[in-house]
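[1] How does the following fold in three dimensions:
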Amino acid sequence: MSTPVGPEPCNMVCPSCRQQVTTRVEPKATKKTHLIALILCFTCLWPCACCLYCTRCARNSEHHCPSCNAYIGTYKR
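    Numbers count the residues shown, from 1 in each chain. Below is the predicted model:
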């Protein structure tokens, strides 16, 4: 079960280790990110396709506990 989280690190009590932590955020590319990048490549906008993987705007944000590395939740874009 995941906890509702936002796109930025947040302060919370980890459901696994019960410590007060600031979550560690890992941006993850999704199928939608890859599809948009593929479309941009086919329309000769490949530099824009590369930008999708360099910025957080087109990737989900997975939150993990920095103390016990437990998965906390995902913010989907």
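[2] Identify each of the helices in this structure and give its residue range.
    Applying DSSP state H to the chain gives helices spanning 31-42, 46-54.
[3] Least confident of those, on average?
    Mean pLDDT is lowest for helix 46-54 among the helices of the chain, at a mean of 79.
[4] How far off centre is it?
    Chain-centre distance of helix 46-54: 16 Å, with C-alpha atoms, centre = their mean, to the nearest Å.
[5] What pLDDT is listed against the residue most central in space within the chain?
    The centre of the chain sits closest to residue 61, judged by C-alpha atoms, centre = their mean, with a distance of 1.8 Å. Predicted confidence (pLDDT) for residue 61: 92.
[6] check contacts around it.
    5, 6, 7, 8, 25, 26, 27, 28, 74, 75, 77 (C-beta atoms under 8 Å, 6 or more residues apart in numbering). Bear in mind the C-beta positions are built from the backbone N, C-alpha and C, glycine included.
[7] ok so, going back, now the helices of the chain in TSV, please, with extra columns for distance to residue 16 and mean neighbour count.
    Output for the helices of the chain, formatted as TSV (distance: least, C-beta to C-beta, whole Å; neighbours: other C-beta atoms under 10 Å):
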stretch	distance to residue 16	mean neighbour count
helix 31-42	28	14
helix 46-54	30	13
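[8] ok, back up a step: show me which of the contacts of residue 61 are buried.
    Neighbour counting with 16 or more other C-beta atoms under 10 Å marks 5, 7, 25, 27, 74, 75 as buried within these.
[9] The first one touches residue 75, doesn't it?
    What that stands for is residue 5. Yes: between residue 5 and residue 75 there is a contact under C-beta atoms under 8 Å: 5.3 Å.
[10] Find residues that contact each of the two.
    Joint contacts of residue 5 and residue 75 (C-beta under 8 Å, 6+ apart) are 61, 63.
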